[in-house]
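> give me the fold of what follows.
(2 chains)
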Amino acid sequence: MSTRLDLALHDLADAAADTSRFGDPDTSATVLTVHRLAARVRRRRAARAAGTAAVAASVAGAVALVVPQLTRDVTPAGDPDADPGACRSAVSRIPSGPKDELGVELGYQGMSTPRIDTAAAGQDLGTWQGRSADLVVSISQIPEAGVGATRLRLVLTEDGVVVGAAQELMSLTPTTTGEVLRTQLGDPVASTEDQPEVYPLEDTRDRWWQPAVTSTGEVRVAQNTSLGFAACDGSGQLSPGTYQVYATTVDAVGTARGAAGPWDLEIAQDDPTRHHLPDGFPDEVPLIDGRLVTAHRHGAGWAAEVVSPGQDRALVATRLLAEAARDGADTATSQRSTLSPPYDALAQDSTVALPGWSVRAVASQTPAGEPSVVYVLMPQG
Amino acid sequence: MTTWQDALDELVRTRGRALVGYAYLLTGDSREAEDLVQDALVRTFTRGRGTREVASAEAYVRRAILTTYVDGFRRRRHWATIRHLTAVPEPSPPDGPHAGPESVVTTRLAVQQALALLPPRERACIVLRHFEDMTVAQVADALSLSVGTVKRYLSDATRTLESHLGNLSGADDTPAHHTDEVLVTVRRSR
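Alright, predicted model coming up:
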């Protein structure tokens, strides 16, 4: 008796394949997997193209005459008259020479401590279903060139052309990670000398500091910011698809300098869905678009789960509920008191009062790892 | 014309799990196998060679899985530092045509644990030779090694495997013509 090595290896491989969910055509998680892989490929292709352009320039002896630029030759379109970093400009025109170095780590607001990182680390900015992305940002270096950067600008690009942008005032005076941890986040152990340096965004009512971690487990401090999906040319909302986000700075005379990125960000496709709900499920409770996984009785109320891809799926779901509550209140003034105020600034995970029901929508995952929204409906006395 | 994104999507959906199975033979860990496949997919499609057709793309990805594993993945696994922690089960009875599912699983486990004892290059040689049915010369070409080196790796690896699994049939350098050996399970094409 002996072991057949070739068959044993095939058996082992088959068993591993059978238990893996990777590439399973029956789960929507595969859609996200492919998107993430494609995003990584695009980033690496962009980086390789930029490197190739730099090498070509140096071979031609032109490096001393031409300001090094990002992803040259990758982005042929764009308005040649637009200022670098402005709407419809080619992102490759943003000066990114040695004195324009910009250190930015970006991530997105999730349910736990956000992960932020450079684009080179493979970080992407997730999938979004609403009208903006809730990002977190940490700036560790700003360009030396120019007359001093005063604003951080995040631009959404498509085929290398700026199609959307948002900018924030930032301080030219850096603080340290340790200083923020100690004074803003109440960490008594942190030393004010703890690096790296970080350039704060303007402190506003809606901005806060929070700890974040990089992919290698390093602690950073970051601030929240929002990147809207309105097209910068005034044509309305950007269409669904994958966009590349770059960070740049704008100085006091409006000149963009330095570029970091690209990070991939996906605006989810609207997918209007008619859910097949069981008899008795309240009609007045709108569910987010997506695949209904389950809807069943839950004590005196109901529970439902819908597969939905966005990082902001709970917020989108809650806004839908709030809009239904507002509409109900508008048409039935007597029920206005049932609405949880303020319904125009709903927090994620907040409970919304609909006629007869108190509804909460929370972000979750199915057992197969698909992002989902779970609804819990409790009858209102 | 098919774009690379279409080919990537189709490859992941139709061959993704088979690629994970192949990578698993190298890593011995499901999560690492999936990471390895993803790294190899990114590497292959970044270069863009042969990535318009699924069949040719798969061949490139398999090659990338191998080179990524041999060149870099082993550094992350710290194989040498955990080798002494690898538990080897008592020799288990080989599976046979009349063996129940328990013995199939037992043999699979034993082979899996014996494979874990092999250094990355030996393991890669074994997988290419006995899973991919490559000749020694083809293995040498795939791993950019000399034929003599591959023979030495195969010999060392076979000795290690046999010390834990008993006699191995189909583990020499001649093409396997298995007639009277005990089968582990019915071979399926993937």
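
> tell me where chain B has helices.
Using DSSP state H, the helices of chain B run over B:4-27, B:30-47, B:54-68, B:74-77, B:79-82, B:101-115, B:120-130, B:136-143, B:147-165.

> comparing those helices by mean pLDDT, which bottoms out?
Lowest mean pLDDT within those: helix B:79-82, at a mean of 40.

> circling back: got a markdown table for the helices of chain B, with distance to chain A and mean neighbour count too?
(Glycine included, C-beta is placed from N, CA and C.) A markdown table is the format used below for these (distance: least, CB to the nearest CB, whole Å; neighbours: other CB atoms under 10 Å in any protein chain shown):
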| stretch | distance to chain A | mean neighbour count |
| --- | --- | --- |
| helix B:4-27 | 2 | 23 |
| helix B:30-47 | 4 | 22 |
| helix B:54-68 | 11 | 19 |
| helix B:74-77 | 12 | 14 |
| helix B:79-82 | 18 | 12 |
| helix B:101-115 | 4 | 19 |
| helix B:120-130 | 5 | 24 |
| helix B:136-143 | 14 | 17 |
| helix B:147-165 | 5 | 18 |
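
> need those helices in TSV with distance to residue A:189, can you?
Output for the helices of chain B, formatted as TSV (distance: least, CB to CB, whole Å):
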stretch	distance to residue A:189
helix B:4-27	38
helix B:30-47	33
helix B:54-68	40
helix B:74-77	31
helix B:79-82	31
helix B:101-115	43
helix B:120-130	41
helix B:136-143	49
helix B:147-165	48
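
> wait, doesn't residue B:64 sit right on residue B:43?
Yes: between residue B:64 and residue B:43 there is a contact at 4.7 Å, judged by CB atoms under 8 Å.

> so who does residue A:365 touch?
Residues near residue A:365 by CB atoms under 8 Å, 6 or more residues apart in numbering or on different chains: A:371, A:372.

> looking at it now. What's its pLDDT?
84.

> beta partners of it?
Beta-bridge pairing for residue A:365 (DSSP bridges): residue A:371.

> surely residue A:223 forms part of a strand?
Yes: using DSSP: H, G, I helix; E, B strand; the rest coil, the assignment for residue A:223 is a strand.

> how much space between the closest residue to residue B:137 other than its chain neighbours and residue B:123?
Computed as CB to CB, 6 or more residues apart in numbering or on different chains, the closest residue to residue B:137 that is not its neighbour in sequence is residue B:147, at 5.8 Å. Distance of residue B:147 to residue B:123, given as CB to CB, to the nearest Å: 18 Å.

> also residue A:95?
49 Å.

> for residue A:210, same thing?
When residue A:210 is compared with residue B:123 (using CB to CB), they lie 44 Å apart.

> same check on residue A:214?
Distance from residue A:214 to residue B:123, by CB to CB: 32 Å.

> same check on residue A:175?
50 Å.

> up against chain B, what does chain A have?
Residues of chain A that fall close to chain B, judged by CB under 8 Å from any CB of the partner chain: A:1-20, A:22-25, A:30, A:33-34, A:37-38, A:40-41, A:44-45, A:48.

> where does the residue of the stretch 1-150 of chain A found nearest chain B land in three-state SS?
The minimum distance from the stretch 1-150 of chain A to chain B, using CB to the nearest CB, falls at residue A:23 (2.0 Å). Look at residue A:23: counting by three-state DSSP, its state is coil.
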